[in-house]
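Chemist: Below: sequence and its predicted model.
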Amino acid sequence: MSPTSLESAVAHSVARVQAAVPGAAPRLAIVLGSGWDAVADGVTDSVDIDYAELPAFPLPGVAGHAGSLRLGCLAGRAVMLLRGRSHAYETGDAAGMKGAIRTLAALGCTTLVLTNAAGSLVPDMAPGSMMLISDHLNIAQRSPLHGEPGAQRFVDMGAAYDATLRDQAAAAAEDAGIELHEGVYAWVLGPQFETPAEIRMLRLLGAQAVGMSTVPETILARHAGLKVLGLSMFTNLGAGMSDQTLSHAHTLHTAQASAGLAVRLLAAIVPALVV
Ligand code: HPA
């Protein structure tokens, strides 16, 4: 999308949201990744808008999900839930979420929670458990900011995952009795899973989780001035760490089994974040 058509798509998307929910200005938005969609069921006073009606949002089908934005109240707080994201592995383009994130920023959102399914690189961080993202490795070495003008594109990534939000999330999980690991998320382009040799490399590089999403959104959010909190749900051990053959079906199956935990975790964390 050219810069002017992106700007106009964002303006139209903002207008569409404001028409659906006059005065809508939730400061918190959450991208629901694989396994996290059940969180949307807990929203009260909800209003849904299909991505198809939001020109800045990824096209349904490309996103691989129905794709809709849900506004409402979660755990006592006004939120916008993004049900479905685009992935760089679909087209090779890492900027698929640019318009959506710019729309959130234009609506007054200040804080973005990014959730995903990931492979664990640490035997003690078992499938079914959760991890707070402390930092990331952009293994794909792609950026969603190619073509961006100005000095603003040189985004500081020194504190990409906000330390205060992490403290608030960790304390809320502990109070709720939910184990929440913390570690570094390595972004790989995919869509193929890793080889065992690649998993050994990622472990040597200091990553605890591997996945195919989130990092482009973190970069876009930091560029747009939003604070970021990242949460991974482990669906499997990395390739070669168990005798499991990896597949998307297996990822989705394990993620479904952890849906209840995802719901409880966000119900604990959402009210605790000072946004
Ligand atoms: N690798 C990459 N992405 C993933 C994995 C994995 O093992 N599990 C879930 N998403």
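Modeler: Happy to help now that I have it.

Chemist: okay, CA-based contacts and neighbour counts for the rest of this
Modeler: Noted.

Chemist: distance from the centroid: which residue in the protein tops it?
Modeler: Ranking residues of the chain by C-alpha distance from their mean position (C-alpha atoms, centre = their mean) puts residue 243 at the top, at 28.4 Å.

Chemist: how far away is that residue from the ligand?
Modeler: Remark: distance between residue 243 and the ligand (C-alpha to the nearest ligand atom, to the nearest Å) = 13 Å.

Chemist: For this protein, name the helix or strand with the lowest mean pLDDT.
Modeler: Least confident helix or strand of the chain, by mean pLDDT, DSSP states H and E, is helix 248-257 with a mean of 88.

Chemist: So for it, what gets flagged as buried?
Modeler: Across helix 248-257, burial judged by 16 or more other C-alpha atoms under 10 Å covers 251, 254-256.

Chemist: Would you mind trimming these to those in range of the ligand?
Modeler: Checking these against the ligand by C-alpha under 6 Å from any ligand atom, the ones in range are residue 251.

Chemist: Pick out whichever of the buried residues of helix 248-257 sits closest to residue 229.
Modeler: Nearest to residue 229, judged by C-alpha to C-alpha, of the buried residues of helix 248-257 is residue 255 at 19.7 Å.

Chemist: wait, residue 30 sits on residue 112?
Modeler: Yes - assessed by C-alpha atoms under 8 Å, residue 30 is found in contact with residue 112 at 5.7 Å.

Chemist: quick one, phi/psi of residue 228?
Modeler: Main-chain torsions, residue 228, degrees, to the nearest 10: phi -130, psi 140.

Chemist: Contacts only, for it.
Modeler: The contact partners of residue 228, by C-alpha atoms under 8 Å, 6 or more residues apart in numbering, come to 111-114, 160-162, 165, 218, 221-222.

Chemist: I am finished for the moment; much appreciated.
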